[in-house]
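Asker: How does the following fold in three dimensions:
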Amino acid sequence: MKNYTITVNGNVYDVTVEETGSAGAAAAAPKAAAPKKAAPAPAAAPKKAASSGAGSVKVTASVPGKVFKLSASVGQTLKAGDPIIVLEAMKMEIPVVAPQDGTLASIEVASGDAVENGQLLATMN
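Answerer: Okay, here's the model as predicted:
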């Protein structure tokens, strides 16, 4: 058996391939394990560090999932209930909305990022 780590669309998978020793090795199907939590992409890390904690009001993820869409941009004035980010969890789109009126100070994630429950997504002033 051989173990491989494969990254697909930012998700990291551990894959084990069984060696059959025959010419039909191409027919051997890999068994994919559950996705591991991928480390943030190196290109995204400086953005997150530079904008971290820019506002006093923290907007966090209510569910684990993937960032599907950024609905607002930094500097935009928002009213309570305006969408900031759309998360995708269990094939559903879940809007993350502004908890109060204010200005969006920072966005801590990028489209396609995997997020955990309670993770900081954005800040507002």
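Asker: contacts, neighbours, all on C-alpha from now
Answerer: Fine.
Asker: Report how many residues lie close to the residue nearest to residue 4 when sequence neighbours are not counted.
Answerer: Spatial nearest neighbour of residue 4, excluding adjacent residues (Cα to Cα, 6 or more residues apart in numbering): residue 15 at 5.1 Å. Neighbourhood size, residue 15 [other Cα atoms under 10 Å]: 17.
Asker: cool, and residue 17?
Answerer: For residue 17, using other Cα under 10 Å, the count is 15.
Asker: what pairs with it across the strands?
Answerer: residue 2 (DSSP bridges).
Asker: returning to what we had before: what's the strand or helix carrying the residue nearest to residue 4 packed up against?
Answerer: In the assignment (DSSP states H and E), residue 15 maps to strand 11-17. Using 3 or more Cα pairs under 8 Å, 6 or more residues apart in numbering; DSSP states H and E, the elements in contact with strand 11-17 are strand 2-8, strand 31-32.
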